[in-house]
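[1] The following block contains a protein sequence and its predicted model.
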Amino acid sequence: MRVLGLDPGLAITGYGLVEASGERLTPLAYGVVRTNAQDPLPQRLRQLYRRVGELIARHAPDAGAVEELFFSTNTRTAMTVGHARGVLLLALAEADIPLVEYTPMQVKLAITGYGGADKSQMQEMVRLLLSLDHIPRPDDAADALGVAICHHHSTRFHALLGV
């Protein structure tokens, strides 16, 4: 199963494509989609939609996994990330790709076994789980790979339980 993990953001959206073969996870592609802060919001959203659409067309994922929003104070940031997140959900829906959303705590728990893990612990576990020589950069790409790994673990767990 091939999963496209997405870490939404308007300025930077992380993506990570991970394929599972049995218990082995292989990273197929990862990186970020950047938009220019000087461009109007509609143009940035269109660019994000197109780039993610290109990733979907190129890699043909079987599923999409998107991190849910969690903001406690900055509502303006939450709104702009929400716009970007909506575009990502639309791109996956347009391609008829099944989608699952995970909270940051669910991702941390699936990757490290601890829902309060810090960023460096997460990044190191992503590196180890994917047998990479280095921690994926930038952070948004590592986060997206983590979301994809979380989905693989969740799917495998549910299959074992027969749910």
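    Good, I have the coordinates. Numbers count the residues shown, from 1 in each chain.
[2] What is the neighbour count of residue 96?
    When counting by other CB atoms under 10 Å, one arrives at 6 neighbours for residue 96. Every C-beta, even on glycine, is put in place using the N, C-alpha and C of the backbone.
[3] I meant residue 29, not that one.
    For residue 29, the neighbour count with other CB under 10 Å is 15.
[4] Describe which strands the helix or strand hosting it pairs with in its sheet and in which direction.
    Residue 29 belongs to strand 24-34 when elements are defined using DSSP states H and E. With DSSP bridges as the criterion, the sheet partners recorded for strand 24-34 are strand 12-21 (antiparallel).
[5] about what we covered before: show me what the next helix or strand after the strand holding residue 29 packs onto, helices and strands only.
    Once strand 24-34 ends, the next helix or strand along the chain (criterion: DSSP H and E) is helix 41-59. Helices and strands touching helix 41-59, as assessed by 3 or more CB pairs under 8 Å, 6 or more residues apart in numbering; DSSP states H and E, comprise strand 2-7, strand 12-21, strand 24-34, helix 75-94.
[6] Just the C-alpha atoms of whatever helix or strand comes next after helix 41-59, please, in PDB.
    Tracing the chain past helix 41-59, the next element assigned as helix or strand by DSSP H and E is strand 63-67. Extracted in PDB, the C-alpha atoms of strand 63-67 (Å, rounded to 0.1, in the frame of the first residue of the first chain):
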ATOM      1  CA  ALA A  63      -4.500   6.400   0.400                       C
ATOM      2  CA  GLY A  64      -4.000   9.900   1.700                       C
ATOM      3  CA  ALA A  65      -3.200  10.800   5.300                       C
ATOM      4  CA  VAL A  66      -3.500  14.400   6.500                       C
ATOM      5  CA  GLU A  67      -2.500  15.900   9.800                       C
END
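[7] Any chance you could list what contacts strand 63-67?
    1-8, 85, 88-89, 92, 97-104, 107, 143-144, 147-148, 150-151, 155 (CB atoms under 8 Å, 6 or more residues apart in numbering).
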